[in-house]
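>>> got a predicted structure plus its sequence, pasted below:
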Amino acid sequence: MMITPESRRERLRGLLGLAMPTPGDDSAHLVEEADGAAPAGEHGVITTRLVTADGEAIPAFLLRPAPEVATGAAVVLVAGHGGGIDDLVATDPADDYHDGLAHKLVRAGLTVLCPEMISFGRRRFPRPAGAVPYEPTENSCGIDAARYLLRGQPLMGARAADAQAAVHALRRLPGVDPQRVGVAGGSGGGAVSLLLAAADPTIAGALVASYFCSFEASLCSIRHCPCNIIPGVLPDLEMADIAALIVPRPLVLEAGERDHIFPIEATRRSFAQLAPVWEAMGAPAPELVVTDAGHAFRAERSLEALVQRLG
């Protein structure tokens, strides 16, 4: 049987346990919390709940751009490993990895929705009664990865499903062009963004930072969190194969020259495979922004490229 992009996409969805939405599916929505307080010292951050199709209410932050800079485009912003969505909006002091990321995106004219991912922040697996509380940056990935894998779905697939619900909810907001809703994230958030954009062809585009590399050079060679494991993804779906499923939509990648867990040499090798795929479709090739950082999300040139490509 001939391997086509759609058969690969179907394979990826199957591995993730991710269903494609039916046309017109708009059941996911946002409910603002009347008494919800934004993190201390923050302004313009709306505390809300993302209500999924099955009725789960996921904590989230919503940021709307000033009318004079609003572009109509929007992104679901996914946090990497750490304190969850609080890290995305923290500015004083800023989180070392995300560096006020949500505010950078909203200043660029994007509407930004930050849904809490399983294992982080408000969605960590509960500690037993009397146990030591979680540290602010601690996650429950090990427990949650086991819980999901034992039931036949990788944790990364569940996170992608929640991010997909966030995309659906963003499309319903006034002032947002439903055709220009993308995904963005770094590290673990980059994994969710890459996988969702590849699996769901309705996603307008993706910004993936400090993740795109190769499974062989990163997860298979360097210690990583078990939440990254997608059983059966190799050998047929290396990272470059997954990224190629985003064609012809915009894809912007950011990588740190000194990233010790996603080696830049492998990132460059994988990236070299992408341009011919986009060129064959007559579309602008993906862009790789290499910073002088280590494992960090700077969102400078990469953010500029995303805004340009989302129109």
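It's in. Numbers count the residues shown, from 1 in each chain.
>>> show me where the stretch 151-300 of the chain has helices.
Assigned by DSSP state H, counting those that start in this stretch, the helices in the stretch 151-300 of the chain fall at 155-171, 188-199, 239-244, 264-271, 275-280.
>>> tell me the most buried of the ones you listed?
helix 188-199 (a mean of 28; mean count of other Cβ atoms under 10 Å). In this view, the C-beta of every residue, glycine as well, is placed from N, C-alpha and C.
>>> same for that helix, what does it pack against?
Applying 3 or more Cβ pairs under 8 Å, 6 or more residues apart in numbering; DSSP states H and E, we find helix 188-199 packed against helix 5-16, strand 74-78, helix 155-171, strand 181-186, strand 206-209, helix 239-244.
>>> picking that back up, need the helices of the stretch 151-300 of the chain in JSON lines (columns: mean pLDDT and distance to residue 19).
Formatted as JSON lines, the helices of the stretch 151-300 of the chain follow (pLDDT from 0 to 100; distance: least, Cβ to Cβ, whole Å):
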{"stretch": "helix 155-171", "mean pLDDT": "97", "distance to residue 19": "8"}
{"stretch": "helix 188-199", "mean pLDDT": "98", "distance to residue 19": "10"}
{"stretch": "helix 239-244", "mean pLDDT": "98", "distance to residue 19": "18"}
{"stretch": "helix 264-271", "mean pLDDT": "98", "distance to residue 19": "28"}
{"stretch": "helix 275-280", "mean pLDDT": "97", "distance to residue 19": "26"}
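>>> could you give the number of residues near residue 224?
Residue 224: 17 surrounding residues under other Cβ atoms under 10 Å.
>>> low-confidence ranges, the chain, go.
1-2, 21-26, 34-43 (pLDDT under 70).
>>> hmm, what's the outermost residue in it?
residue 130 (33.9 Å; Cα atoms, centre = their mean).
>>> what sits closest to residue 9 if chain neighbours are left out?
residue 245 (5.2 Å; Cβ to Cβ, 6 or more residues apart in numbering).
>>> wait, that neighbour touches residue 11, no?
No - between residue 245 and residue 11 there is no contact under Cβ atoms under 8 Å: 10.0 Å.
>>> redo the helices and strands packed on helix 188-199 as JSON lines? Include distance to residue 105.
Formatted as JSON lines, those follow (distance: least, Cβ to Cβ, whole Å):
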{"stretch": "helix 5-16", "distance to residue 105": "25"}
{"stretch": "strand 74-78", "distance to residue 105": "6"}
{"stretch": "helix 155-171", "distance to residue 105": "13"}
{"stretch": "strand 181-186", "distance to residue 105": "7"}
{"stretch": "strand 206-209", "distance to residue 105": "9"}
{"stretch": "helix 239-244", "distance to residue 105": "21"}
